[in-house]
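Asker: turn this into a structure:
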Amino acid sequence: MKTRILLSAILILVFTGCAELMKVLQTVSNVPLTEAEVISGLKEALTTGAKNAAERLAKENGYYGDQLIKILLPDEAKIIVDNISRIPGGEKLVEDVILRINRAAEDAAKEVAPIFVNSVTQMTISDAFGILNGADNAATNYLRSTTYNELYALYKPKIQASTEKKIVGNISTKDSWNTLTSKWNSIANSIAGKLANLKPVNTDLDDFLTSKALSGMFLKVEGEELKIRKEVSARVTPLLQRVFGSLDNKTGVK
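Answerer: The predicted structure follows:
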């Protein structure tokens, strides 16, 4: 009998007290965020976004199959591409070089998560509130400023190994690049070249390609951050919902 009375009371509360219950929940949700919540929420968002981006890029064709971030040779390499494409199978050789470069970047992406996580663990209170109230890419900018050098050191050797691999006639992509730029620069630095206003090419191939790979990485991280900031469905934990929900009234997110 007591059980039935208790059950009836619960049912009455459920069906008649929804309005009051919502008021209570609304009051709780309006409680100002604590420093601990902001830091924990931002760390969770950064870790989630960075890992998601890295996992996508680490898959086969993560770079190569995405036209937005696919790594291509510098514009100065056009003459190499144009000339090698004239020989039988030349176009495939060029594409194979580009494929290897992108595969090297995909391989490097498998190892970036711990670097991001290490950066996140060092976040300060000032960092957290700056990110929370900052631009839509504030978290990405934080990661870029705290991890770029370490990521560069991870990516460059893998890219370098790809550009140094021998292709046609025991010549690598880097060999061809160095020959091309050396000959061009000798002309550009000559009196005739200076009169013609030719500019020397001083692009470091491995540096250029590594920078492009990292630009692609951070572009994807930025996309993940934007989802969490703008899409309620992307906030997959209560803490993310609370921390970033505090911005919704300011930004109009629904």
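
Asker: what is the burial count for Arg229?
Answerer: Neighbours of Arg229 under the rule other Cβ atoms under 10 Å: 22. Any C-beta I mention is one placed from the backbone N, CA and C, and that applies to glycine too.

Asker: do you know the pLDDT at it?
Answerer: Looking at Arg229, its pLDDT is 83.

Asker: so how far is Ile171 from it?
Answerer: According to Cβ to Cβ, to the nearest Å, Arg229 and Ile171 sit 48 Å apart.

Asker: then Ser40?
Answerer: Ser40 sits at a distance of 54 Å from Ile171 (criterion: Cβ to Cβ).

Asker: which one of the two has more residues nearby?
Answerer: Just comparing Ser40 and Ile171: by other Cβ under 10 Å the higher neighbour count belongs to Ser40, 16 against 11.

Asker: surely Leu72 meets Leu99?
Answerer: No. Using Cβ atoms under 8 Å, Leu72 is not in contact with Leu99; the gap is 11.2 Å.

Asker: out of those two, which sits in the more crowded spot?
Answerer: Leu99 (17 against 12).

Asker: contacts for the one helix or strand that one maps to, please.
Answerer: Per DSSP states H and E: Leu99 is located in helix 90-109. Outside of helix 90-109, the residues within contact range by Cβ atoms under 8 Å, 6 or more residues apart in numbering are 54, 57-64, 70-73, 80-81, 84-85, 154-155, 158-159, 161-163, 165, 167-168, 173, 209, 213, 216-217.

Asker: quick one: mean pLDDT over it.
Answerer: Rounded mean pLDDT across helix 90-109 is 86.

Asker: list the buried ones in stretch 204-219?
Answerer: Buried residues in stretch 204-219, defined by neighbour count with 16 or more other Cβ atoms under 10 Å: 205-206, 208-214, 216-219.

Asker: please state the offset of the helix holding Leu99 from the chain centre?
Answerer: Its chain's average C-alpha position is 19 Å from that of helix 90-109, according to Cα atoms, centre = their mean, to the nearest Å.

Asker: C-terminal to that helix, what's the next element?
Answerer: Heading C-terminal from helix 90-109 (DSSP H and E), you reach helix 113-121.

Asker: got the buried residues for the very next helix or strand once past that following helix?
Answerer: Next helix or strand after helix 113-121 toward the C-terminus (DSSP H and E): helix 125-132. Across helix 125-132, burial judged by 16+ other Cβ under 10 Å covers 127-128, 130-132.

Asker: gap between Glu150 and Arg56?
Answerer: 20 Å.

Asker: so which residues of the chain form helices?
Answerer: Taking DSSP state H, the helices of the chain run over residues 2-16, 18-29, 35-58, 78-84, 90-109, 113-121, 125-132, 138-163, 173-188, 191-195, 205-230, 238-245, 248-251.

Asker: still on that earlier bit, any of the contacts of helix 90-109 buried? List them.
Answerer: 54, 57-58, 62-64, 70-71, 73, 80-81, 84, 154-155, 158-159, 162-163, 167, 173, 209, 213, 216-217.

Asker: kindly reformat the buried residues of helix 125-132 as a markdown table containing distance to Val117 and pLDDT.
Answerer: Below are those laid out as a markdown table (distance: Cβ to Cβ, whole Å; pLDDT from 0 to 100):
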| residue | distance to Val117 | pLDDT |
| --- | --- | --- |
| Asp127 | 15 | 88 |
| Ala128 | 16 | 85 |
| Gly130 | 20 | 88 |
| Ile131 | 16 | 86 |
| Leu132 | 19 | 82 |
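
Asker: for the residues you listed, give me TSV that also has distance to Pro32.
Answerer: Putting the buried residues of helix 125-132 into TSV (distance: Cβ to Cβ, whole Å) gives the following:
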residue	distance to Pro32
Asp127	19
Ala128	15
Gly130	18
Ile131	18
Leu132	13
